[in-house]
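Chemist: could you look at this predicted model? Sequence included:
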Amino acid sequence: MLILKFVICLSSAFMILFGFPHYMSAQGTEITESEITIKQMRLPVLPSKSDTSKHSTIEDEVAIVIANVVEELKVYDVIVGINLTSISKDQAFQKNGKISDSLVVNLEEITDDREAIVLTVLNFSQNGIPPAEDEKTGDEPFFERAGSCLIEFSTLFHIFKRSADESQQGYPNNIQTQLSVQLDFIDIESRQSLDSFVIDFIHTGGSRAKSRTKILEQFKNTMRLELKKVYRLSSDLVSADNGKLVLSLGTNTGIYKGMLFELVEPDRIKTLTDKEIFVPGGRAGFVAVTDPLKETCHSKILRQWRPLSPGSWAVEYPESIRALQLFYVPPSTNTFTSFGFLFHGGPIQTYDWGGGMQIIRVIDSFEEKVYGLGLSGFGIWRFLNSSRLRLGGKFGLDLDIPFKKDDEGQTVNTLLFSAHLGITTEVLLSARSDIIITAGYRIARKSSKWSYSEDDDTNPAVWYNGSPEVDNSGFLLSVGYKFFLF
């Protein structure tokens, strides 16, 4: 029995030691002096629902991801392809025993594109590995010293049996997917490599299909950042202090005041409990140019949600940033409340504008609750615009339409115009969201003229004891949640 116990402990320990969990990673390595010369490539095969005989290989999927990112970045004179010599015959798309001639491209025949991104090398594998929960049962190690087992025999027997059963199935729900890609940027006219780099990915978890999808998503995010750096105006950070950045951009590159850049943090290795954990890089914030008239470009951070580590850089962001805000006006005076949404046209800029719709409730002069719909428009001037907190003055106009029944049971409505002025505070909650609090005062034009429409005619409401009056003026407090669209 002691021998059996020792064998089980030893087997479980080996299982844990060699089944250590892996983390999702993406490492990029530039190849500065590439000798690769590519004369011919094939275009990626698009999946076809109408013809089930056509299918995409992993090479096609990777190339399609790159092509989609190129299109997303509006780089119209770059073609994406797969190097023929790097793809084996059983991997390449074949038709009647050979690659379809329509998919093969000779670079010397291309005239509309100036550059090609060619998938030169691709290695892809998927294997089931023991899940992390099988590697340990707590904070204590399996052995305190050689020959001393700390876990009860029954527990070890359960783990051993379970691991043996799953290992026979190949761990189908804990697949480790590895992807290694080498890309070459080819000048079409000379057919010489301009630059090359290798990116490696590892993702562990889920089924084969889910793990494959996850690693392709990570690959797409990495390619989006890498290609932005290649095809858009970008710069390393010279210095960063108190929300102000200096970029190594000159005045001859079309830089202007107010130009928007996104901050990007590189991949890094973090040490946690004596273990190195890969932390993928990504977007860290946005900055606006404040002084483009010097050899180095001075900028101000408008929004930042993660720290900038050494090697961070900034890249031009020509797209527009918009935002949607959900807001709630509580009944602070017990007479008016509303709930709705607003669209922001310049959510991180000094001057912001937008409009929206709301559902309202107001108490009329008869002390009755009246509900309705409304439209609103606003403008914001932010006099304090830091990376995590913004303050600004807000001016807004509202048109609300309350509905109620008159004394003859007819549904009638009236128009309620108002304007409000206040101070709005925006606190960064996450990369794409803010909490907004606005306090101020609303001035309204009281309304007591109710009417309804019938057969294209407008008829006055019927009241036996006078017309009720609605008014939404008074102190204003609004709480909101803003979601950024970028």
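Modeler: Great, that's in hand.
Chemist: now this protein, which segments are flagged as low pLDDT?
Modeler: Scanning the chain for pLDDT under 70 picks out the ranges 1-36, 48-55, 85-101, 132-170, 250-253, 294, 333-334.
Chemist: could you measure from the residue nearest to Ser430 when sequence neighbours are not counted over to Ala431?
Modeler: Using Cβ to Cβ, 6 or more residues apart in numbering and skipping residues adjacent in sequence, the residue nearest Ser430 is Trp305, 6.4 Å away. Heads up, the C-betas are built off the backbone N, CA and C, glycines and all. As judged by Cβ to Cβ, to the nearest Å, Trp305 and Ala431 stand 4 Å apart.
Chemist: for Gln192, same thing?
Modeler: 40 Å.
Chemist: same check on Asp274?
Modeler: 30 Å.
Chemist: do Val479 as well
Modeler: 21 Å.
Chemist: kindly report the same for Gln182.
Modeler: 31 Å.
Chemist: okay, these two: which has more neighbours?
Modeler: Ranked by neighbour count (other Cβ atoms under 10 Å), Gln182 and Ala431 place Gln182 first, with 21 against 15.
Chemist: bridged to the more buried one, which residues?
Modeler: With beta bridges defined as DSSP bridges, Gln182 has these partners: Val121, Val198.
Chemist: list the contacts of it.
Modeler: Counting by Cβ atoms under 8 Å, 6 or more residues apart in numbering, Gln182 touches Ile31, Leu119, Thr120, Val121, Leu122, Ser196, Phe197, Val198.
Chemist: swap the cut-off to 7 Å and go again
Modeler: Thr120, Val121, Ser196, Val198 (Cβ atoms under 7 Å, 6 or more residues apart in numbering).
Chemist: equivalent analysis for Ser418, please.
Modeler: Asp398, Arg442, Ile443, Ala444, Asn472, Ser473.
Chemist: what's the PyMOL line that selects buried ones from those residues?
Modeler: Applying 16 or more other Cβ atoms under 10 Å to the contacts of Ser418, the buried members can be selected in PyMOL as follows:
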select buried, resi 398+442+444+472+473
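Chemist: can you lay out the contacts of Ser418 as JSON lines showing distance to Phe486?
Modeler: Converted to JSON lines, these look like this (distance: Cβ to Cβ, whole Å):
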{"residue": "Asp398", "distance to Phe486": "28"}
{"residue": "Arg442", "distance to Phe486": "32"}
{"residue": "Ile443", "distance to Phe486": "35"}
{"residue": "Ala444", "distance to Phe486": "36"}
{"residue": "Asn472", "distance to Phe486": "34"}
{"residue": "Ser473", "distance to Phe486": "37"}
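Chemist: filter the contacts of Ser418 down to the ones in strands?
Modeler: If you go by DSSP state E, these have Asp398, Arg442, Ile443, Ala444 in strands.
Chemist: can you give me the strands in the stretch 251-400 of the chain?
Modeler: For the stretch 251-400 of the chain, the strands defined by DSSP state E, counting those that start in this stretch cover 260-265, 268-272, 275-279, 282-291, 297-304, 313-316, 322-329, 336-344, 351-363, 369-385, 389-405.
Chemist: among those strands, which is nearest Tyr464?
Modeler: strand 389-405 (12.8 Å; Cβ to Cβ).
Chemist: just checking, what packs against that closest one?
Modeler: If contacts are counted by 3 or more Cβ pairs under 7 Å, 6 or more residues apart in numbering; DSSP states H and E, strand 389-405 sits against strand 351-363, strand 369-385, strand 411-413, strand 416-430.
Chemist: give me the neighbour count for Phe484.
Modeler: Neighbours of Phe484 (other Cβ under 10 Å): 19.
Chemist: so what's it bridging to?
Modeler: Ala323.
Chemist: how near is it to Ser448?
Modeler: Phe484 is 42 Å from Ser448, by Cβ to Cβ.
Chemist: doesn't Tyr317 make contact with Phe261?
Modeler: Yes - between Phe261 and Tyr317 there is a contact under Cβ atoms under 7 Å: 5.9 Å.
Chemist: which one of those two is surrounded by more residues?
Modeler: Phe261 (26 against 20).
Chemist: could you find the closest non-adjacent residue to that one?
Modeler: Ala314 (4.1 Å).
Chemist: state the distance from that neighbour to Ser248.
Modeler: 10 Å.
Chemist: between the two, which one's more packed in?
Modeler: Neighbours were counted for Ala314 and for Ser248 using other Cβ under 10 Å; Ala314 has more, 28 against 13.
Chemist: what residues are up against the more buried one?
Modeler: Ser234, Ser235, Leu237, Leu247, Phe261, Glu262, Leu263, Val287.
Chemist: OK, contacts around the closest residue to the second one other than its chain neighbours?
Modeler: Yep, that's Ser235 we're talking about. Leaving aside its sequence neighbours, Ser235 sits nearest to Leu247 (Cβ to Cβ, 6+ apart; 4.2 Å). Neighbouring residues of Leu247 by Cβ under 7 Å, 6+ apart: Ser235, Leu237, Val238, Thr296, Cys297, Ser299, Ala314.
Chemist: again, but for Val75
Modeler: Per Cβ under 7 Å, 6+ apart, neighbours of Val75: Tyr231.
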